[in-house]
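Student: Sequence below, structure please.
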Amino acid sequence: MSYGSVNTTEDAAKGSSVIVRSSQVGDDGVQSRNVTPPVSERANSTISLEDGQYRTVWRKLKGFYERNIGLFFVFMAQVFASLMTMATRLLETGFEIKFHALQIIFVRMLATAVLGSLYMWYKKVPDFPLGRRDVRGLLVLRGLAGFTGLFCSYYSLSYLNISDATVISFLVPTMTAFICFIALREPFTVREAMAGLVAFAGVVFIARPTFLFPRHEVVQPKDDVTRLFVADQPKGIVPPVPATSSERALAVVLAVIGTFGAAAAYSTIRVIGNRAHSLVSVNYFAILATVGSFFVIIVHPDLHFETPQNALQWGLLVAIGVAGFLLQFLLTEGLQREKAGRATNLIYTQMVFALVLERMVWGTTPPVESLFGSTLIIGSAVWVSLQKNKSGAEQKAVAINEEQSLLRAGAPTEDLEN
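Tutor: A predicted model of the protein is given here:
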């Protein structure tokens, strides 16, 4: 019938359409699609890829920040310490009207006390301002010891270069260990004792007493051409400060006494532990030093407050006050965030800053004897630090002991109680 032929034709047509459609099917039997996604999908894919890369970079930067922010704080503390030492020596020796060490202490510690009190009031530090009742006596002892050490260190700057005064302060860790051995019965190893002897030998090279280092007269060359080849021609912003052998020896003795006072203060802090916030301890130090220096200047007949004569002297006094507070704040924050080993070793960068500033401001460099003594002191301090880090790693698995509790002493009280 004609119907059958018609059906066949329709089936053929359908078959041809199937064949046409089947030509769009791939070898794997799946119908092929347009490989180019819509514009919106491509834009979203690009944005998500860029967002993922941004988050990866941000995580890396955040991790680097968290790992090293404590080191950065300690590093900046050493910068401010060197600048403060330079400003102190300039006020004591660089002008016709010289400022006494006690007046400089008064200015620095008054600024530290005011700024520290405002900061603790704003942050609502626990037990501000007097601290817990059971440690107030220790806090007073810490303040008096710190004041004594600071006065001796500042007074020695009248006759010592800032590099020599700085390197003598590196005796503090050895002195602290010795005081803790005497007063607290903490271990004091033979290696620490040997390092202490080496460090004090370095102090002798810095002091250069005349009975060990006789002074020889240096013949100055008359020829200007020959004078050009003389290495130690001071060419600084201000002329170098001359000091006799006896004045230098006295300054070194006072600097060593200053390290003893600082070590006594740090030993007291170890006894206080986490019973007082670190800034409360700093505030005791600042207030007692402010009151003590003011009282001595008022009572002593030969001492009085000097008024700055120009903008430079005012600027140096302000710089000492601000730098003193930033030194205490940054060092406290840095030591709370960083491991003791890395932070302690970074403190020795202050010697580099002292050498650079001494050369720029006074145009002088330490003699060979001072450099050799500095090497002995810094080398012994670093060696003791490495020995302590090694022994600490070996005893890491030991249960909670006194050392672990003391390591927590630098953390704020509010963090420890939570």
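
Student: which residues in the stretch 51-200 of the chain form helices?
Tutor: Counting by DSSP state H, counting those that start in this stretch, the stretch 51-200 of the chain has helices at residues 101-123, 136-156, 162-168, 172-183, 190-207.

Student: Against which helices or strands is the last one packed?
Tutor: Judged by 3 or more CB pairs under 8 Å, 6 or more residues apart in numbering; DSSP states H and E, helix 190-207 is in contact with helix 162-168, helix 172-183, helix 245-272, helix 368-394. In this view, the C-beta of every residue, glycine as well, is placed from N, C-alpha and C.

Student: For the first one, list every residue counted as buried.
Tutor: What that stands for is helix 162-168. Within helix 162-168, the residues scored as buried using 16 or more other CB atoms under 10 Å are 162-168.

Student: Give me the packing partners of that helix, helices and strands only.
Tutor: Contacting helix 162-168 under the criterion 3+ CB pairs under 8 Å, 6+ apart are the following elements: helix 39-93, helix 136-156, helix 190-207, helix 245-272, helix 349-361, helix 368-394.

Student: buried set for the second one?
Tutor: Read that as helix 136-156. Neighbour counts over helix 136-156 (16+ other CB under 10 Å) mark 138-156 as buried.

Student: TSV for the helices of the stretch 51-200 of the chain, including distance to residue 324?
Tutor: Below are these laid out as TSV (distance: least, CB to CB, whole Å):
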stretch	distance to residue 324
helix 101-123	4
helix 136-156	10
helix 162-168	16
helix 172-183	17
helix 190-207	25
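
Student: Turn the helices and strands packed on helix 190-207 into a markdown table, including mean pLDDT.
Tutor: Formatted as a markdown table, those follow (pLDDT from 0 to 100):
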| stretch | mean pLDDT |
| --- | --- |
| helix 162-168 | 89 |
| helix 172-183 | 85 |
| helix 245-272 | 90 |
| helix 368-394 | 76 |
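
Student: quick one, which of those helices is nearest to residue 209?
Tutor: Each of these was scored for nearness to residue 209 using CB to CB, and the closest is helix 245-272 (5.7 Å).

Student: which residues are contacting the next helix or strand after the closest one?
Tutor: Downstream of helix 245-272, the next assigned helix or strand under DSSP states H and E is helix 278-299. Outside helix 278-299, the residues that touch it by CB atoms under 8 Å, 6 or more residues apart in numbering are 100, 102-103, 105-106, 109-110, 112-113, 116-117, 119-120, 125, 127-131, 139-140, 142-144, 146-147, 150-151, 265, 269, 272, 303-305, 328-329, 332, 336, 410, 412.

Student: at 6 Å what do you get?
Tutor: Applying CB atoms under 6 Å, 6 or more residues apart in numbering, the contact partners of helix 278-299 are 102, 105-106, 109-110, 112-113, 116, 120, 131, 139, 142-143, 146-147, 303, 328, 332.

Student: Show me how far stretch 69-86 is from its chain's centre.
Tutor: 5 Å (CA atoms, centre = their mean, to the nearest Å).

Student: Including distance to residue 212, could the buried residues of helix 162-168 go into TSV?
Tutor: Shown next, in TSV, are the buried residues of helix 162-168 (distance: CB to CB, whole Å):
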residue	distance to residue 212
162	23
163	20
164	16
165	20
166	22
167	18
168	17
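
Student: which one of the residues you listed is nearest residue 184?
Tutor: Among the buried residues of helix 162-168, and counting by CB to CB, the member closest to residue 184 is residue 168, at 24.2 Å.

Student: Let me know which of the helices and strands packed on helix 190-207 is tucked in deepest.
Tutor: Among the helices and strands packed on helix 190-207, the stretch with the highest mean neighbour count (mean count of other CB atoms under 10 Å) is helix 162-168, at a mean of 26.

Student: Residues contacting it, please?
Tutor: Contact with helix 162-168 is made by 85, 89, 156-157, 206, 255, 350-351, 354-355, 358, 366, 370, 374, 377, as judged by CB under 6 Å, 6+ apart.

Student: which two from those end up farthest apart in space?
Tutor: Largest separation among the contacts of helix 162-168 by CB to CB: 89 and 377, giving 19.7 Å.

Student: which residues does residue 206 contact?
Tutor: Contacts of residue 206 by CB under 6 Å, 6+ apart are 164, 370, 373.

Student: likewise residue 94?
Tutor: Residues near residue 94 by CB under 6 Å, 6+ apart: residue 238.

Student: sorry, back to before: of all the helices and strands packed on helix 162-168, which lies closest to residue 314?
Tutor: helix 39-93 (10.7 Å).
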